[in-house]
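**Q** after the sequence you'll find the predicted model.
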Number of protein chains: 2
Amino acid sequence: MKRTVYCGLVDESFLGKEVTLKGWVQKRRDLGNLIFIDLRDREGIVQLVFSQAFDEAALKVADELRSEYVIEVTGKVVNRAKDAINPKMATGKFEVEIHEINLLNKAKTPPFYIEDGINVADDLRLKYRYLDLRRPEMQQGLILRSKITQSIHRYLDENKFIDIETPYLTKSTPEGARDYLVPSRVYPGHFYALPQSPQLFKQLLMGAGFDRYYQIARCFRDEDLRGDRQPEFTQVDLETSFMTAEEIQDLTEGLLKRVMKDTLDIDIELPLKRITWNEAMDRFGSDKPDVRFGMELKNMADAVKDVDFKVFKNTLENGGQVKAIAVPGGADKYSRKELDAKQDYIKRFGAKGMAWLKVTEDGFSGPIAKFFNESVTTLCEAAEAKMGDLILFVADTKDVVAASLGYLRTSIAKELDMIDESKFAFLWVVDWPLFEYSEDFHRYIAAHHPFTMPNEEDVALLETDPHKAHAQSYDIVLNGYELGGGSIRIHQRDVQEKMFKALGFTKEKAEEQFGFFIDALDYGFPPHGGLAIGLDRFAMLLAKRDNIREVIAFPKNSKASEPLTNAPSTVAPKQLDELHLETTED
Amino acid sequence: MKRTVYCGLVDESFLGKEVTLKGWVQKRRDLGNLIFIDLRDREGIVQLVFSQAFDEAALKVADELRSEYVIEVTGKVVNRAKDAINPKMATGKFEVEIHEINLLNKAKTPPFYIEDGINVADDLRLKYRYLDLRRPEMQQGLILRSKITQSIHRYLDENKFIDIETPYLTKSTPEGARDYLVPSRVYPGHFYALPQSPQLFKQLLMGAGFDRYYQIARCFRDEDLRGDRQPEFTQVDLETSFMTAEEIQDLTEGLLKRVMKDTLDIDIELPLKRITWNEAMDRFGSDKPDVRFGMELKNMADAVKDVDFKVFKNTLENGGQVKAIAVPGGADKYSRKELDAKQDYIKRFGAKGMAWLKVTEDGFSGPIAKFFNESVTTLCEAAEAKMGDLILFVADTKDVVAASLGYLRTSIAKELDMIDESKFAFLWVVDWPLFEYSEDFHRYIAAHHPFTMPNEEDVALLETDPHKAHAQSYDIVLNGYELGGGSIRIHQRDVQEKMFKALGFTKEKAEEQFGFFIDALDYGFPPHGGLAIGLDRFAMLLAKRDNIREVIAFPKNSKASEPLTNAPSTVAPKQLDELHLETTED
């Protein structure tokens, strides 16, 4: 029997016709002389009817069916009786009168229901991932992801990009995150590393003259996991020669437009907004602002500088900032206790406190209202607040103000349902600092990576004030998530050497880790730049899911293990012997 | 300056127009007041002309150019003088009169010429891979490979396959080749393994109901390397539910046809030939026969059984075979010494000897001619030999005869230039034995893998005579190479358990290694099957190269190391500490 149509695709055009269907029993209703089966495949569900009137043998088989049994059936598509039409089902107007059935496989009762919106522990879902993935929302997530990759392949192919695979067994260059290592059997004490990204290889491909490269590449980072991190993740990795940052951004916008159209049939308007990193931090307190809503950070310095409120005054006198957000209609949304909790929360960003004012008909209310009641108009203007709003202030250093108000802005927007979840708000954040200070390493590290080209006028700063230098780099942001990022790269040996020096590399260390690459720059490297987009995150956002695990077929859990296969696992002593390794006790 | 056209694509349509080009200096000819530069990019080469008449400053810059300098130029496309036309160059009719140039980067003198057909040690080419890849034949190989993958994506997408990524950090199941291991930092003494193929995951995806899956997947095997093996390689991996072996083959043929058309504009005729494994071994002495030429193995038993030549007689009496190939016109091609060398060579296949007869006008000649001169006609008919041919005999067990004559058939065809190298001869080899005897393990192992479905009528043999069972498996062969292979898989728990038992697994061992998968089969697995195609090999064959390294951007050398980055390398002690590992001395 050859399938003629997927269950979920039975429609008008099959009315009165014979169809052969294959799939899983979703549900069975037994009315004695009449059995209804909901049959499910990846495209959806259709109702089968078994009756003595159609075929007695088939009815008998149907009697034995249970959930998740696998069957193939042949029957005639007919209209359901009017009162039996199910408007919630795509195939709800039809049913199939079955006269032939083969039971292909039986099934035990699954440990959870095969349906959307189940409330089941993550690890149980992962242990039975093959069942979890039968659920329609999981199927649709992965099908959407596949559509995204297809759309990407087509767009980049049409734009003359060459798909080139780079090695997964490569050299450990532990700058940045921790490498996953792979012991060599042939060379005792030697290790390959799994790539954190194809960065150096794609640059070498530009040196090799391929002009436009791309790859949908797996990347690996052995870091402690957070919500949307996985030990292995996938990026759409591209690199071009002879193009400016703006040209690469234009090209990327074309890609995003194409994907949105191909997958969700959404037209996004180009060009996308581009704002500088400085502006993003200033207006949104974030380098990946969610611009689906307003509530921007306002500088209150002018409005409060003459008010006799010590906290603000001292901060301003010490070169700090006083900034605020105005929560629309927030005056009656938050109790004092809730606001105290918010104040406590932002201490993790280094904030010493949070001040607040409610805008009422009688002026401000709140514990510090008395200080400001003479300047209601000035303050409300500066904060763009109106009657009924809640104004939240943070007075501190620039970084603490940005982090605290940036957090408050997004968390409150979620709490108050201010975000239009149907929107996809893309945004470029450009002109990033070249370096950022790392609390972990107690030194400046590359904000993107050590191969990022400084702005032309900032190259000289590499030798004088590197932390003042800005980079020819750009991030693409979607709905408050960093979707991807890229930069123009360094293509001259002397600039690359200065960059490593500014990062605190000795000549020897640079040579040992990146010598082969620095040497390559001697042989005629073209100006080049590129970008990488996080595919997992992209798929998650388009699928409107809240964790990348939901769009990865077999993800690791939050402890980097895989409950289905039980990876990682112990191995045979012989395997370790061959790799010249012993495990140590801790 | 924005590029208007690639160098290699300058044609008639640009005549008289301004173009901006970017690329590498291939060659410079200095005639004093006139300088010619061959400018190269990935699409080819075009000639630039610099002269005072066009721009004096540009002429000065051109004077300083050396090989592999990177430049951008603007100029006017003109016809070359008739006597200066170069018919070997795609752009050979034109040149570009340059009036503006920017030197973008300088270059040291490369360690080898950037041109095709160089004779340079492999490791030097790999160390400077970014230069090696600038050579047109390398660029074209990788561009062809990219075209193959694009074609595959499109065909499979159109055929409703879903591209799903499976994990690279997974569980070690050391059945088959040796795994690459990845130590876990979180779980001391535990290891992930890099997948040898996505086999189990793609089967689980069928269990999950995706119906049609594919992936262009990297696979890893830690084996000693041979000519066309690499530690990591790429396969086009696909799997379908509810399809028969023949349906999967048809679908694959559509894929092959599409790729051949899209990449080389070659139409292949469908359906492809399908022969059984038995027939392949019988007629060609190979499970991956090259059918671009004849010279098939002929069974000589009937023709020689009454001849009084002991070697043949004894072999036949002991249940062995006597088979031969007739080398067309081979009588005067090989000296006795050369034939002795061949006889020596086939000893590695277990052959005790090789007999030969030359067909001359006076009957047979050769050391054993006297035994056969009475049956010239019978023998020539049986061997399909004619005047001037050379008949080579091997008398031995079936396996030894096949291996020896199979080898002689292909090596002689190469020596005598009997193979039409322009041909692409695809062939299915079907109905493989389920098991093969492993000399390494001294037991029967799975010929494909332990998840291959036996022929329906052979399932019972699993418990009685497993080595007699044949499988629902198929290989696709191209020009004597195994291009890919696949099978219908086992989807019932009881059959899978019998299979492991037949392979000598205890219940405990099966449970430990594959328990999660056997358990999964309890939950309603559909009948399913699939195929994997070796992408590296496919690209190599279409590019007419003789090693897969030529179509891999950054391959390992024959010792599994990577001379460019020096991977594998030693790592910092801290890295090993974090992984709870020590290296041992050997």
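**A** All right, it came through fine.
**Q** just checking, what packs against the worst-scoring helix or strand of chain A on mean pLDDT?
**A** When the helices and strands of chain A are scored by mean pLDDT, DSSP states H and E, strand A:443-446 comes last with a mean of 83. Other helices and strands packing on strand A:443-446, by 3 or more Cβ pairs under 8 Å, 6 or more residues apart in numbering or on different chains; DSSP states H and E, are strand A:435-438. Placement of C-beta: from N, CA and C, glycine included.
**Q** pLDDT of the strand it packs on, averaged?
**A** Mean pLDDT, strand A:435-438: 85.
**Q** so who does the residue lying closest to A:L131 once chain neighbours are set aside touch?
**A** Leaving out its chain neighbours, the residue that sits closest to A:L131 by Cβ to Cβ, 6 or more residues apart in numbering or on different chains is A:P110, at 5.0 Å. Taking Cβ atoms under 8 Å, 6 or more residues apart in numbering or on different chains as the criterion, A:P110 is in contact with A:67-68, A:128, A:131, B:523.
**Q** inside helices: which ones of those residues?
**A** A:L131 (DSSP state H).
**Q** does the residue nearest to A:L131 belong to a helix, a strand or coil?
**A** Three-state call for A:P110 (DSSP: H, G, I helix; E, B strand; the rest coil): coil.
**Q** A:Y69 versus that one, what's the distance?
**A** 11 Å (Cβ to Cβ, to the nearest Å).
**Q** now swap in A:K414 and tell me
**A** Distance from A:K414 to A:Y69, by Cβ to Cβ: 43 Å.
**Q** so which of those two has more stuff around it?
**A** Taking neighbours as other Cβ atoms under 10 Å in any protein chain shown, A:K414 and A:Y69 compare with A:Y69 leading, 19 against 12.
**Q** from chain B, how far out is the more buried one?
**A** Distance of A:Y69 to chain B, computed by Cβ to the nearest Cβ, to the nearest Å: 6 Å.
**Q** quick check: closest non-adjacent residue to that residue.
**A** A:V25 (4.6 Å).
**Q** bridging residues for the one you found?
**A** Going by DSSP bridges, A:V25 is paired in beta bridges with A:L39.
**Q** that one is in contact with A:A62, isn't it?
**A** No - using Cβ atoms under 8 Å, A:V25 makes no contact with A:A62, being 9.3 Å away.
**Q** shared neighbours, the two?
**A** Both A:V25 and A:A62 are contacted by A:I37, under the criterion Cβ under 8 Å, 6+ apart.
**Q** neighbour count: the two, which is higher?
**A** Between A:V25 and A:A62, A:A62 has the larger neighbour count (other Cβ under 10 Å), namely 25 against 22.
**Q** between the contacts of A:P110, which sits nearest B:R178?
**A** Closest to B:R178 out of the contacts of A:P110 is A:Y128 (30.3 Å), distances taken as Cβ to Cβ.
**Q** mind checking how far the closest one is from B:G207?
**A** A:Y128 sits 10 Å away from B:G207, taking Cβ to Cβ as the criterion.
**Q** please apply the same query to A:E439.
**A** A:E439 sits 46 Å away from B:G207, going by Cβ to Cβ.
**Q** who has more neighbours out of the two?
**A** Between A:E439 and B:G207, B:G207 has the larger neighbour count (other Cβ under 10 Å), namely 25 against 6.
**Q** shouldn't that one be in contact with B:D519?
**A** No - look at B:G207 against B:D519 with Cβ under 8 Å: they stay out of range, at 10.8 Å.
**Q** need the overlap of contacts for these two.
**A** Overlap of the contact sets of B:G207 and B:D519 (by Cβ under 8 Å, 6+ apart) is empty.
**Q** any low-confidence regions in chain A?
**A** Along chain A, segments meeting pLDDT under 70 span A:174-175, A:227, A:585-586.
**Q** show me what residue of the stretch 451-586 of chain A gets nearest to chain B.
**A** A:G524 (3.2 Å; Cβ to the nearest Cβ).
**Q** mind checking how far that residue is from B:M1?
**A** Going from A:G524 to B:M1 by Cβ to Cβ gives 18 Å.
**Q** who has more neighbours out of the two?
**A** A:G524 (27 against 13).
**Q** contacting residues for the more buried one?
**A** Counted by Cβ under 8 Å, 6+ apart, A:G524 has contacts A:207, B:24, B:68-70, B:105-107.
**Q** next, it: phi, psi?
**A** Phi and psi for A:G524, reported as degrees, to the nearest 10, are phi 80, psi 60.
**Q** what number of residues lie near the nearest residue to it once chain neighbours are set aside?
**A** The spatially closest residue to A:G524, leaving aside those adjacent along the chain, is B:A107, at 3.2 Å (Cβ to Cβ, 6+ apart). Neighbour count of B:A107, defined by other Cβ under 10 Å: 20.
**Q** with A:K76 instead?
**A** Counted by other Cβ under 10 Å, the residues lying close to A:K76 total 17.
**Q** who's in contact with it?
**A** When contacts are counted by Cβ under 8 Å, 6+ apart, A:K76 touches A:16-19, A:96-97, A:99.
**Q** and those residues, which is closest to chain B?
**A** Nearest to chain B among the contacts of A:K76, counting by Cβ to the nearest Cβ, is A:V19 at 13.9 Å.
**Q** tell me the residues of the stretch 201-350 of chain A that contact chain B?
**A** When proximity is defined by Cβ under 8 Å from any Cβ of the partner chain, the stretch 201-350 of chain A lies next to chain B at A:201, A:204-205, A:207-211, A:218, A:220, A:222, A:231-232, A:234, A:241-242, A:247.
**Q** rerun that using 7 Å as the cut-off
**A** The stretch 201-350 of chain A comes close to chain B at residues A:201, A:204-205, A:207-211, A:218, A:222, A:231-232, A:234, A:242, as judged by Cβ under 7 Å from any Cβ of the partner chain.
**Q** note down every partner strand of the helix or strand containing A:I488 and its orientation.
**A** Using DSSP states H and E, the element containing A:I488 is strand A:481-488. Applying DSSP bridges to the sheet, strand A:481-488 is found paired with strand A:473-478 (antiparallel), strand A:528-534 (antiparallel).
**Q** now mean neighbour count and distance to A:V259 too, for those strands, in TSV please.
**A** TSV is the format used below for these (neighbours: other Cβ atoms under 10 Å in any protein chain shown; distance: least, Cβ to Cβ, whole Å):
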stretch	mean neighbour count	distance to A:V259
strand A:473-478	25	11
strand A:528-534	24	9
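**Q** mind putting those in CSV, distance to B:D179 included?
**A** CSV is the format used below for these (distance: least, Cβ to Cβ, whole Å):
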stretch, distance to B:D179
strand A:473-478, 38
strand A:528-534, 29
